[in-house]
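Enquirer: based on what follows, work out the 3D shape:
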Amino acid sequence: MHEGDSTMTTGPSFYEFFCGGGMVRAGLGESWTCLFANDIDAKKAGAYRENWGGETLRVGDIHDLCADDLPGRADLAWASFPCQDLSLAGPGDGLAGARSSAFWGFHALIEELAHESRQPTVIALENVAGALTSNGGEDFVAICGALQSLDYRFGALTIDAALFLPQSRPRLFILALRRDAAIDAGLTAPAPRQPFASSALLRAHQLLPRRLVADWLWWSPSDPPKRNLELGDLVEDSPRDAPWRSAEETARLVSILSRGAKAKLEAARARGGIQVGALYRRMRPDGEGGRRMRAEARFDGLAGCLRTPGGGSSRQFLLVCQDGALRSRLLSAREAARLMGLSEEYKLPSRYNEAYHLVGDGVAVPVVRFLAENLLDPLIAQAQRPALAVAE
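Expert: Just a heads-up that it's a prediction; the model follows:
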């Protein structure tokens, strides 16, 4: 028996790969036991230690890990592998890219565990929706094929964090179940369920070869609860790390708004009272063969998708209209953390860019919790029932 065997824990256990600051751990909750966590980023690992301790944390490249590094047999292996090469805004290298190819390091680890009969009951993969279309859909086919080669059945859901939080953040979640594990009839459906199957997912499924369709599962979680928060509910008056900008700086932001964004701003002003919007800058073609900075804004109660601040265009601004007056500032680190569902007690890095990068590259906590309650918990409980019956 490996040290840390999941039979010694009181609840389900998990390995968390590409763990960042442990936002999956926050979503799974205290009933789950982390047996092993891994990330290559030392700064993110520092935040993980601050919030969860470092007993189970291993910092380093996933390609350098082997099965002997992983204690026990976890019920779940979660991998939010790098998205840069799969993102629509990325270089388009897909699973062969320098970052997103880390998926194959994860795959190799699960393969090693399978050779020792220690493969987890469930695998959960999380990534951007671009993983469905990168390389003409071939990367998604490759992921499904990799799961099948490990002897898992699998299915996918597209879930927007906006169902739970005031942030537009669509993401792809692939859940795979060990082939020998039973499935409760209520956890799957004969057809895709909305709002968990985007048009991109439906098209990607149609591209799967028959051998993969044979192992496909349409997961069927319950309806999500109605979101009761808007962006304005999470905004602070005067955060230290995001001071209000001058009138001149605000005017410069407004000057680069697209025509549609300007119309949204004027409509917000016309509504009166306090209207809180999100502004995000993007490089766009200028119609003359070049590119220039443009800004988009929304006043629908949602922030745009948080992104890692590789440049100034990645940071989001707040636009606040109050009785015709307009103010602007960057979104604060704590506000960004709230948009990801992190608690007020979660310890953020002291430097703004590090904190923003940490949360912008993470997983929305309520989405993880929703998946745990609706699919992960019951799948694992079902898989454990025969063994418990034999023990009795």
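Enquirer: state the distance from the closest residue to Gly272 other than its chain neighbours to Ser198.
Expert: Excluding the flanking residues, the one nearest Gly272 by C-beta to C-beta, 6 or more residues apart in numbering is Asp323, at 6.9 Å. For every residue, glycine as well, the C-beta is placed using N, CA and C. Applying C-beta to C-beta, to the nearest Å, the value for Asp323 to Ser198 is 39 Å.
Enquirer: the more surrounded of these two?
Expert: Set Asp323 next to Ser198 and count neighbours by other C-beta atoms under 10 Å: Ser198 wins out with 20 against 8.
Enquirer: test my guess that that one contacts Gly130.
Expert: No - using C-beta atoms under 8 Å, Ser198 is not in contact with Gly130, being 11.7 Å away.
Enquirer: rewinding a little: need the pLDDT of the residue nearest to Gly272.
Expert: For Asp323, the pLDDT comes out at 84.
Enquirer: do you know how far it is from Val368?
Expert: 40 Å.
Enquirer: go on, Gly277?
Expert: Using C-beta to C-beta, one gets 28 Å for the distance from Gly277 to Val368.
Enquirer: please apply the same query to Gly362.
Expert: With C-beta to C-beta as the criterion, Gly362 and Val368 are 10 Å apart.
Enquirer: quick one: common contacting residues for the two?
Expert: Common contacts of Gly362 and Val368, defined by C-beta atoms under 8 Å, 6 or more residues apart in numbering, comprise Met23.
Enquirer: which one of the two has more residues nearby?
Expert: Set side by side, Gly362 and Val368 show more neighbours around Gly362, with 28 against 25, by other C-beta under 10 Å.
Enquirer: and Lys347, which of the three is it?
Expert: Here Lys347 takes the coil state, with states given by DSSP: H, G, I helix; E, B strand; the rest coil.
Enquirer: now it. Nearest residue, chain neighbours left out?
Expert: Nearest non-adjacent residue to Lys347, counting by C-beta to C-beta, 6+ apart: Glu50, 4.5 Å away.
Enquirer: now the host helix or strand of the one you found - C-alpha only, PDB.
Expert: Using DSSP states H and E, Glu50 maps to helix 42-52. Extracted in PDB, the C-alpha atoms of helix 42-52 (Å, rounded to 0.1, in the frame of the first residue of the first chain):
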ATOM      1  CA  ALA A  42       6.700  28.900  -8.200                       C
ATOM      2  CA  LYS A  43       4.600  32.100  -7.600                       C
ATOM      3  CA  LYS A  44       1.300  30.300  -7.900                       C
ATOM      4  CA  ALA A  45       2.700  27.500  -5.700                       C
ATOM      5  CA  GLY A  46       3.500  30.200  -3.100                       C
ATOM      6  CA  ALA A  47      -0.200  31.200  -3.000                       C
ATOM      7  CA  TYR A  48      -1.200  27.500  -2.800                       C
ATOM      8  CA  ARG A  49       1.000  27.100   0.300                       C
ATOM      9  CA  GLU A  50      -0.400  30.300   1.900                       C
ATOM     10  CA  ASN A  51      -3.900  29.000   1.600                       C
ATOM     11  CA  TRP A  52      -3.600  25.200   1.900                       C
END
